[in-house]
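S.K.: I would like the atomic coordinates for the input below:
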Amino acid sequence: MAAGPWEMGLEPTRRAGNGSCVIRTAITTRGQAAGLFEAREEVARKLSLMWPRLNPHGFTLLVACIAALGAALVLARVLAHGPRMDGDSIFYIAAANNLLDGLGFATLEGQAYARRPPLFSALLAAAGLVSFAPLQAAGWVNAAALGLAIFFGGRWLSQKVESRFLAAWACLAIAFTPVVAKTAHYFWSEPTFILFTTLALLQVDKFLSASRRSSLIWAAVFTALACMTRYIGVTLIAFTLAALLFQRGTAMQEKLQRMAVYALVAAAPIGTWLIRNYLATETLAGIRQPASRDLSENVQRILEVLTEWMPPAITQGLGSIATSITSVLMLAMLGLVVWAFIRRPGESTNFVVVNGGFALFYIALMTAAATGTSLTEMDNRYLSPVYLPMLFTAVLVMD
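M.R.: Have a look, this model is predicted:
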């Protein structure tokens, strides 16, 4: 089949004053056009062999292998040296052991367990029913959660970008970066929270693109699981409700109905848990100490952590200027999200709004939480849930 005029590099331009088209020829001979066309086809053929963009099943297998590798690396580290521990780890272990002993969710002192949601300890206790002690089970749970987050996140990303190379690179970055993998080495709930957050955002993106009721329900289910893993999961509820409220092309009555269905499913479990906490401890989430750092200190620390995520080749030797660069990049992401929101809804713009918007929303609420209550110093642990959304947004921009 002969190449069409646009494929041969011919550009249409309009002459002022009438509607006729004047063809400006960019390639002067048919032989040159054919040669360039054949060269383009050969490059595309070789790239398709390296990264099977026409074979989604082959790429899914590649993502599965990277996910399995990431999980195996975490598991090997934990089995060789044991999970790393801190004060929060003691609470998780005590709650799991007390649950196995029939004492319910209780702390090491036997008091009501309220400072953390129950799901992570419940998973450890469930593993104890099949001969895994909670301390041993943590490594398996975190490795599985990280592997599944890579797999489902990688598949989701590959559906939005043209370059399979960039999608595979993102999966490898998640598997090998210490930002996420390090949290899986600890006796922490972050890997499980990252998994549920990724699945919830994936379903929100599906719903915004196709308006399927099943996607909205699944988004609510995964949001509920995220909230029952970490209290900061309420950011997912607030963000998704805002996305539903401002979704264009939908009548307000339909929006309110969707928001009600989502909120009911997503908030019911954590709402029930908070009521239980209040009845047992007269607090919603345990006793919290006043904040030890002000807003400016928390913002500065968050910028420092995000700067550490950047490639050393970019930030090395820049000193305090590096955090200024990070500030500019964060403002650029905000501008990108606003631009994507204003534009006509589509798969790419929805993807940017869901990932970039959630990352910024989460960081804002985490900053407010750290300013209102006492937390340990802001570090990779608290910000790791936004690593995947920020990475996915950056990959889409590079694509």
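
S.K.: and stretch 319-334, which residues are buried?
M.R.: By neighbour count on 16 or more other C-beta atoms under 10 Å, the buried set for stretch 319-334 is 322-323, 326, 329-330, 333. Every C-beta, even on glycine, is put in place using the N, C-alpha and C of the backbone.

S.K.: Who are the packing partners of the helix or strand containing Pro269?
M.R.: Under the criterion of DSSP states H and E, Pro269 resides in helix 252-281. With contacts defined as 3 or more C-beta pairs under 8 Å, 6 or more residues apart in numbering; DSSP states H and E, the packing partners of helix 252-281 are helix 213-227, helix 234-245.

S.K.: Can you add distance to Val395, mean pLDDT and mean neighbour count and give those back as JSON lines?
M.R.: Converted to JSON lines, these look like this (distance: least, C-beta to C-beta, whole Å; pLDDT from 0 to 100; neighbours: other C-beta atoms under 10 Å):
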{"stretch": "helix 213-227", "distance to Val395": "22", "mean pLDDT": "96", "mean neighbour count": "22"}
{"stretch": "helix 234-245", "distance to Val395": "21", "mean pLDDT": "95", "mean neighbour count": "20"}
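
S.K.: Could you tell me the model confidence score at Ala268?
M.R.: pLDDT, Ala268: 96.

S.K.: export stretch 191-198 as PDB, just CAs?
M.R.: Extracted C-alpha coordinates of stretch 191-198, given in PDB (Å, rounded to 0.1, in the frame of the first residue of the first chain):
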ATOM      1  CA  PRO A 191       3.900  -2.100  52.100                       C
ATOM      2  CA  THR A 192       0.400  -3.300  52.700                       C
ATOM      3  CA  PHE A 193      -0.900   0.300  52.800                       C
ATOM      4  CA  ILE A 194       1.000   1.000  49.500                       C
ATOM      5  CA  LEU A 195      -0.600  -2.000  47.900                       C
ATOM      6  CA  PHE A 196      -4.200  -1.000  48.900                       C
ATOM      7  CA  THR A 197      -3.600   2.600  47.900                       C
ATOM      8  CA  THR A 198      -2.300   1.600  44.500                       C
END
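
S.K.: Quick check: mean pLDDT of that stretch?
M.R.: The average pLDDT within stretch 191-198 is 96.

S.K.: just how off-centre is it within its chain?
M.R.: Chain-centre distance of stretch 191-198: 8 Å, with C-alpha atoms, centre = their mean, to the nearest Å.

S.K.: Could you do stretch 168-184 as well?
M.R.: With C-alpha atoms, centre = their mean, you get 12 Å for stretch 168-184.

S.K.: just to revisit the earlier point, take the buried residues of stretch 319-334 and keep only those in helices.
M.R.: Within these, residues falling in helices by DSSP state H are 322-323, 326, 329-330, 333.

S.K.: residues in contact with stretch 366-378?
M.R.: Stretch 366-378 is contacted by residues 232, 235, 288-295, 298-299, 301-302, 305, 382-383 when judged by C-beta atoms under 8 Å, 6 or more residues apart in numbering.

S.K.: And stretch 272-283, by the same measure?
M.R.: Outside of stretch 272-283, the residues within contact range by C-beta under 8 Å, 6+ apart are 111-112, 114, 117-118, 228, 284-287.

S.K.: Put the alpha carbons of it into CSV.
M.R.: Output in CSV follows, covering the C-alpha atoms of stretch 272-283 (Å, rounded to 0.1, in the frame of the first residue of the first chain):
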residue,chain,number,x,y,z
THR,A,272,-16.9,1.3,63.2
TRP,A,273,-13.3,0.9,64.4
LEU,A,274,-13.2,4.5,65.6
ILE,A,275,-16.5,4.1,67.5
ARG,A,276,-15.0,1.0,69.2
ASN,A,277,-11.9,3.1,70.1
TYR,A,278,-14.0,5.8,71.6
LEU,A,279,-16.0,3.4,73.7
ALA,A,280,-12.9,1.6,74.9
THR,A,281,-10.5,4.6,75.4
GLU,A,282,-12.6,7.7,75.1
THR,A,283,-10.3,8.7,72.2
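
S.K.: May I see the buried residues of that stretch?
M.R.: By neighbour count on 16+ other C-beta under 10 Å, the buried set for stretch 272-283 is 273-274, 277, 281.

S.K.: now do stretch 81-89
M.R.: Quick answer for stretch 81-89 (16+ other C-beta under 10 Å): 83, 88-89.

S.K.: Residue ranges of each domain in the protein, please.
M.R.: Listed by automatic domain parsing, the domain ranges of the chain are 11-47, 292-399.

S.K.: Could you tell me the least trusted of those?
M.R.: Mean pLDDT values for those show the minimum at domain 11-47, a mean of 46.

S.K.: where do the strands sit along the stretch 1-150 of the chain?
M.R.: 11-14, 21-24 (DSSP state E, counting those that start in this stretch).

S.K.: Asn350 is in contact with Arg343, correct?
M.R.: No. Using C-beta atoms under 8 Å, Arg343 is not in contact with Asn350; the gap is 10.2 Å.

S.K.: Compare the two (neighbour count), which wins?
M.R.: Asn350 (23 against 12; other C-beta atoms under 10 Å).
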